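Participant: Show me the folded form of this:
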Amino acid sequence: MRKTYFHLFSDPSGASHLETLEAELAATPFAPPAPDLFLSQPMPAAAAAFLIAPAGWSGTWHVAPRRQLFVVLSGEIEVEMSDGTVERSGPGAVALLEDTTGRGHITRVIGDAAVEALVVPLA
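Facilitator: Numbering: from 1, shown residues only. Modelled structure (predicted):
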């Protein structure tokens, strides 16, 4: 079983890009005696925080403040990369943000609803 997620990164020239990656999930005894669940390899994390961006919110060009996972819980966002790629994501979308240098990206809230997200800074 696999879980797809988006990967935002900067190339050596500072341009930001987006690619789709897959995490391999393996049957794992996560909470015995409950049946196995499917888990990926863990990513060491330092904390977790909830984020709300109001309807109509739009950022300017910026880099990710740190290497982190960004999980959309509700609402819809659009992310524009400096290479021209634009990706819209809604509930359940997961992104690994690693474009911590260069020009970065622009994030916009799409539609009339706020975006609620879970942000997990990674070690």
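Participant: Tell me which residue is most central in the chain.
Facilitator: The residue lying closest to the centre of the chain (C-alpha atoms, centre = their mean) is residue 95, at 2.0 Å.
Participant: list the contacts for that one?
Facilitator: 5, 6, 7, 8, 69, 70, 71, 79, 89 (C-beta atoms under 8 Å, 6 or more residues apart in numbering). C-betas here are computed from N, CA, C, even on glycine.
Participant: Now the buried members of those.
Facilitator: Buried subset of these (neighbour count, 16 or more other C-beta atoms under 10 Å): 5, 6, 8, 69, 70, 71, 79, 89.
Participant: What is the nearest of these to residue 119?
Facilitator: Distance to residue 119, by C-beta to C-beta, is smallest for residue 70 among the buried ones among the contacts of residue 95, at 5.7 Å.
Participant: Give me the distance between the residue lying closest to that closest one once chain neighbours are set aside and residue 7.
Facilitator: In space, not counting the residues next to it along the chain, residue 70 is nearest to residue 95; the distance is 4.6 Å by C-beta to C-beta, 6 or more residues apart in numbering. Counting by C-beta to C-beta, to the nearest Å, the gap from residue 95 to residue 7 is 7 Å.
Participant: ditto for residue 98
Facilitator: 7 Å.
Participant: And residue 86, by the same measure?
Facilitator: Distance, residue 86 to residue 7, using C-beta to C-beta: 16 Å.
Participant: now residue 21
Facilitator: From residue 21 over to residue 7 the distance is 5 Å, taken as C-beta to C-beta.
Participant: Name the residues contacting each of those two.
Facilitator: Common neighbours of residue 21 and residue 7 (C-beta under 8 Å, 6+ apart) are residue 96.
Participant: contacting residues around the residue of the chain positioned farthest from its centre?
Facilitator: Residue farthest from the centre of the chain, counting by C-alpha atoms, centre = their mean, is residue 33 at 31.9 Å. Under the criterion of C-beta under 8 Å, 6+ apart, residue 33 has no neighbours.
Participant: Quick check: the gap between it and residue 123.
Facilitator: 31 Å.
Participant: Show me where this protein has its strands.
Facilitator: Taking DSSP state E as the criterion, the chain carries its strands at 2-10, 16-24, 26-28, 37-39, 49-53, 68-74, 76-81, 86-89, 94-98, 105-110, 115-121.
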